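**Q** sequence unknown, structure follows:
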């Protein structure tokens, strides 16, 4: 079991990030980098600092993701930044923002291989990191087919690795692995057991993505998600002696903790413990993690990655020993309000219940709705559904209701419900009902 002082590591990191946020919700002027803002928002959200995370997310959207003028396209930050904002919006129970931001990722996926275009400007080259983050954004938006395409690409990429000691991270437009380039440039497309440096954290993000997808389908399209995740972490375990970046170590440790909890794999659980033991000595007294001559933005991004990973590890109640956060920090109960024609509500309710997007649906059979639509004043009888779910499932629930609803713009509103205050048993029941069945 890991020393519980790691909870202090997590809390000091989160505190340092919170202190860097100005009253406007913007991180300090020395942190004016889109990805840094996005990672800070994600870390605060994962750590239960929802209000502050929302302020940073709103500031990030205003600063880096403005609405396109005149309905035309507008330049966006890199794919990872957009994906992180999408994931954070969904976690905060803001499906509208998640869908709006996630829409900027349309066209990022290579149609034949299924991977995402790299963010470095190499047109036509797909890579593992971009594919993982695009898959996470797809899940946040309830776009399961896109997430499945990411999983298939990861499985295909892993299956054709030519050497047990090397993981190649990119494929060219013909589908071949990118293997050329000078030896010193190998870090841009490969991770090696004997190599040192940074970049291994993407393997932890990949495992986290696969485990999230598994909640929807244990073997989508024939991809054995647990086996693929296990193979990824076994490779990471062989690299552990050369992983020097604390953020990489933290991202791998939470992935190993989560997978170990699901499978009971002792080797994977031991990997989580080994990685976590090395984190505490790398934290400075101010709560930040840094390496070499990091600037302010680099150390803030690294600290945010560590904070996110440790928060995720505790929220999975991992066997490595981190104390679990309160359930409401991640899976707060939400009441989703949706009106529909009376003859349609039963089918809508049955669909979201059978797909475990909701724990309970109350139907108020007759309400009168008055509104203006396309220049005409309307007054119509409708039925109201009060749908109980968790914050994490709101985005997928919203996407499903929009797909099934007969209206062009259906009313789907998410309201926070403090069910854990005095009625924790009900909150726990809701979480259990929306957790996909295994097997």
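**A** The structure has been received and is ready for your questions. This structure is a prediction, so every number in the text was calculated from the model and none was measured.
**Q** In this structure, what helix or strand scores lowest on average pLDDT?
**A** Every helix and strand of the chain was ranked by mean pLDDT, DSSP states H and E. The lowest is helix 327-331, at a mean of 41.
**Q** neighbouring contacts of the next helix-or-strand element following that one?
**A** Using DSSP states H and E, the helix or strand that follows helix 327-331 towards the C-terminus is strand 333-340. With Cβ atoms under 8 Å, 6 or more residues apart in numbering as the test, strand 333-340 has contacts from 93, 348, 358, 367, 369, 382-391, 394, 397-398, 401, 405-407, 410-420, 426-427, 430. Every C-beta, even on glycine, is put in place using the N, C-alpha and C of the backbone.
**Q** Can you select the buried ones among the residues you listed for me in ChimeraX?
**A** In ChimeraX, this line selects whichever of the contacts of strand 333-340 come out buried by 16 or more other Cβ atoms under 10 Å:
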select :93,348,358,382,383,384,385,387,388,389,390,391,394,397,398,401,405,410,411,412,414,417,419,420,426,427,430
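**Q** Which pLDDT value goes with the closest residue to residue 378 other than its chain neighbours?
**A** Of all residues not flanking residue 378 in the chain, residue 371 sits nearest, at 5.6 Å (Cβ to Cβ, 6 or more residues apart in numbering). Predicted confidence (pLDDT) for residue 371: 86.
**Q** same thing with residue 420?
**A** Looking at residue 420, its pLDDT is 47.
**Q** before we move on, what about residue 439?
**A** Note for residue 439: predicted pLDDT of 48.
**Q** Residue 30 now?
**A** For residue 30, the pLDDT comes out at 83.
**Q** Could you do residue 250 as well?
**A** At residue 250, pLDDT is 91.
**Q** so who does it touch?
**A** By Cβ under 8 Å, 6+ apart, the residues touching residue 250 are 201, 204, 275, 279, 305, 306, 309, 310.
**Q** and the second one, what does it touch?
**A** For residue 204, the contacting residues are 236, 248, 250, 251, 252, 253, 254, 255, 256, 309, by Cβ under 8 Å, 6+ apart.
**Q** which intervals of the stretch 301-439 of the chain have sub-threshold pLDDT?
**A** For the stretch 301-439 of the chain, the stretches flagged by pLDDT under 70 are 314-331, 418-424, 436-439.
**Q** one more time with 90
**A** Low-confidence segments of the stretch 301-439 of the chain (pLDDT under 90): 310-334, 355, 369-375, 377-378, 390-396, 398-399, 408-409, 413-439.
**Q** any chance you could map the helices in it?
**A** 327-331, 345-354, 394-404, 424-434 (DSSP state H, counting those that start in this stretch).
**Q** And the stretch 51-200 of the chain, by the same measure?
**A** Under DSSP H, counting those that start in this stretch, the stretch 51-200 of the chain gives helices at 79-91, 95-102, 128-140, 144-159.
**Q** Break down the chain into its strands, ranges please.
**A** According to DSSP state E, the chain carries its strands in the segments 116-117, 126-127, 166-168, 170-171, 190-192, 333-340, 360-373, 376-390, 412-416.
**Q** Relative to residue 145, which of the ones you listed is closest?
**A** Closest of these to residue 145 is strand 116-117, at 14.2 Å (criterion: Cβ to Cβ).
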